[in-house]
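Colleague: here you go, sequence then predicted model.
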Amino acid sequence: MDKWVNSADTFKCPGCSGNLFYDSDSNSLICKFCGNSFNPDIFDMLEAFSKVENEEGDAAEDDGKHEIVCASCGAVVITDENTASSICCYCGSPALSARRLTKEFRPDYILPFKVTKEEARRLFIDWTKQNKYIPKDFASEQNINKLTGLYVPFWLVDCKCDAEFYGTGYINDGANRGVFSLSREISFYLSRVPFDGSRKISDRLMAAVEPFDYSELRPYKDSYLPGYYAERYDQTPLELSKKVSTRTKRYAEETIKLMSCGQYDEVSFNNGYSSSSEFKHSYALLPVWFMNYQYDGINYGFAINGQTGEVCGDLPFDKFRRGKALAQVALTRLVLPLLILAAVILVPYIMFILDVAGYVNVFSNASVAGEVLGRIFAIGVYVAIPVVLFFIARFVAKWRVVSNTSQNPIDPPPKVEQYYDGTKKPEIRKEDKFISTMVRPKEPSGSWLVRILTK
């Protein structure tokens, strides 16, 4: 019998939409087209999420709303017939055209805007002031006026997570360390984990503006739309299933560490498995202020949470201002200190060696003189090396601060605590076995420098 069994005609690969097949050798679902493999438990997710495909309405027209299409990037947003638009909130292009709504627009929920455009402008300006290396004209009136309020399509996913993880825990006790073998099984629930359903919008930006306060979520009404734009989803939960699986697995490991490993000083899991089931999802529009900025031929996108005011984005930096700051760091933290060190310590030390050399040559033979001078020189080098390394460490630390400030890294998604469903009781099984007691490893000399250089 052929080991490849068609899993289901309606279950497609989240990566390429090809049919998934079951491989009995690996106990996995395989896509022959792109080579991706999936755990069979993904069936629950695919079955739950595939319903959205069947529920999509046929082409229809909603009175009072129309679509605005960008001729440059192809973005399509929806607004009421009285709201005008001059630029695309995604690419900044003015090449926009309006048309009647071509598909039914049916969100389940909407989270109304709380942050006004004036408040968003102020929040954005305050945020940019934290970075000293942005272009001088970046926060100009012309750029800030590009702020556009957009209701972003999100799928809010509820599910049950089951996980098993195996690893090692360590308990430090003075100079000793206890080593334990850890086995963990847990079942818990997540509530309303958001996944943006737009291909045009950066997933990094949307994860960075989380979380939203769902207590203010309202059933969708057209009355919330005037003055803002909205995008209809172009990714279904089925197409997002791989992202859902990845995020829930990460949350499963975080939950195990939080709820069952508090007594350990260090924990490392080297093997694990997680699955999700009991999926539910709802389609919601969440408020975000967007701005697009082009600098040096590169488009930079920014987002402001329209409810909480959280700001994020990749800030451009002025190469001259950043280069000047880095050069100043090199001069003040490395070059000048080493020159001062040489002038204050090295030169007198060399003069001291020369004086000693003359004294030794008078009272000793050449071999004794060489040995004495060699030891004196070695002592000087032994003392100088830590001092030089100290200045190098200070230089590297400050260099990293300037570099990271100019790069303005985007925040990661929230931790599991934000979406953990505390209304449902978790189930936890843990088994800890003592393995041995070992001498706690000492930090090698110079480890402080390694931490700074590798941070």
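Modeller: That came through, no problem. Residues are numbered from 1 along each chain as shown.
Colleague: distance of residue 181 relative to residue 273?
Modeller: Distance from residue 181 to residue 273, counting by CB to CB, to the nearest Å: 17 Å. Quick note: C-beta positions are derived from backbone N, CA and C, even for glycine.
Colleague: cool, residue 109 as well?
Modeller: Applying CB to CB, the value for residue 109 to residue 273 is 33 Å.
Colleague: who has more neighbours, those two?
Modeller: Counted by other CB atoms under 10 Å, residue 109 and residue 273 do not tie: residue 109 has more neighbours, with 17 against 14.
Colleague: show the pLDDT at the residue nearest to that one when sequence neighbours are not counted.
Modeller: With CB to CB, 6 or more residues apart in numbering as the criterion, residue 109 has its nearest non-adjacent residue at 4.0 Å, and that residue is residue 284. On pLDDT, residue 284 comes in at 94.
Colleague: does residue 284 have beta-bridge partners, and which?
Modeller: residue 109, residue 154 (DSSP bridges).
Colleague: roughly how far apart are the closest residue to residue 218 other than its chain neighbours and residue 130?
Modeller: Spatial nearest neighbour of residue 218, chain neighbours left out: residue 110 (5.7 Å); criterion: CB to CB, 6+ apart. Going from residue 110 to residue 130 by CB to CB gives 32 Å.
Colleague: contacting residues around the residue nearest to residue 109?
Modeller: Residues near residue 284 by CB atoms under 8 Å, 6 or more residues apart in numbering: 107-111, 153-156, 194, 217.
Colleague: mind doing that once more with 10 Å?
Modeller: Listed by CB atoms under 10 Å, 6 or more residues apart in numbering, the contact partners of residue 284 are 107-111, 151-156, 192, 194, 197, 212, 214, 217-218, 220.
Colleague: all helices for the stretch 251-400 of the chain, in order.
Modeller: Under the criterion DSSP state H, counting those that start in this stretch, helices of the stretch 251-400 of the chain are mapped to 319-330, 336-341, 347-363, 366-407.
Colleague: just the buried residues of the second one, please?
Modeller: Read that as helix 336-341. Under the neighbour-count criterion of 16 or more other CB atoms under 10 Å, helix 336-341 has 337-338 buried.
Colleague: got the contact list for that helix?
Modeller: Contacts of helix 336-341 (CB under 10 Å, 6+ apart): 330-331, 346, 384, 387-388, 390-392, 394-395.
Colleague: wait, residue 128 touches residue 313, no?
Modeller: Yes. Using CB atoms under 10 Å, residue 128 is in contact with residue 313, at 9.4 Å.
Colleague: looking at these two, which is more packed in?
Modeller: Applying other CB under 10 Å to residue 128 and residue 313 shows that residue 313 carries more neighbours, namely 24 against 18.
Colleague: for the residue lying closest to the more buried one once chain neighbours are set aside, which residues make a bridge with it?
Modeller: Of all residues not flanking residue 313 in the chain, residue 302 sits nearest, at 3.3 Å (CB to CB, 6+ apart). Beta bridges link residue 302 to residue 291, residue 313, judged by DSSP bridges.
Colleague: what pLDDT does residue 302 get?
Modeller: For residue 302, pLDDT reads 89.
Colleague: got the domain boundaries for this protein?
Modeller: 1-40, 65-315, 321-407 (automatic domain parsing).
Colleague: which stretch in those has the least confidence?
Modeller: Comparing mean pLDDT across the domains of the chain, the weakest is domain 1-40, with a mean of 63.
Colleague: the residue nearest to residue 282 when sequence neighbours are not counted: how many residues sit nearby?
Modeller: Nearest non-adjacent residue to residue 282, counting by CB to CB, 6+ apart: residue 108, 4.5 Å away. Residue 108 has 14 neighbours, counted by other CB under 10 Å.
Colleague: cool, residue 435 as well?
Modeller: Residues lying near residue 435 (other CB under 10 Å) number 12.
Colleague: swap in the one 3 residues further on?
Modeller: Around residue 438 sit 11 other residues, with neighbours defined as other CB under 10 Å.
Colleague: I'd say it and residue 178 touch.
Modeller: Yes. Residue 438 is within contact range of residue 178, at 8.2 Å (criterion: CB under 10 Å).
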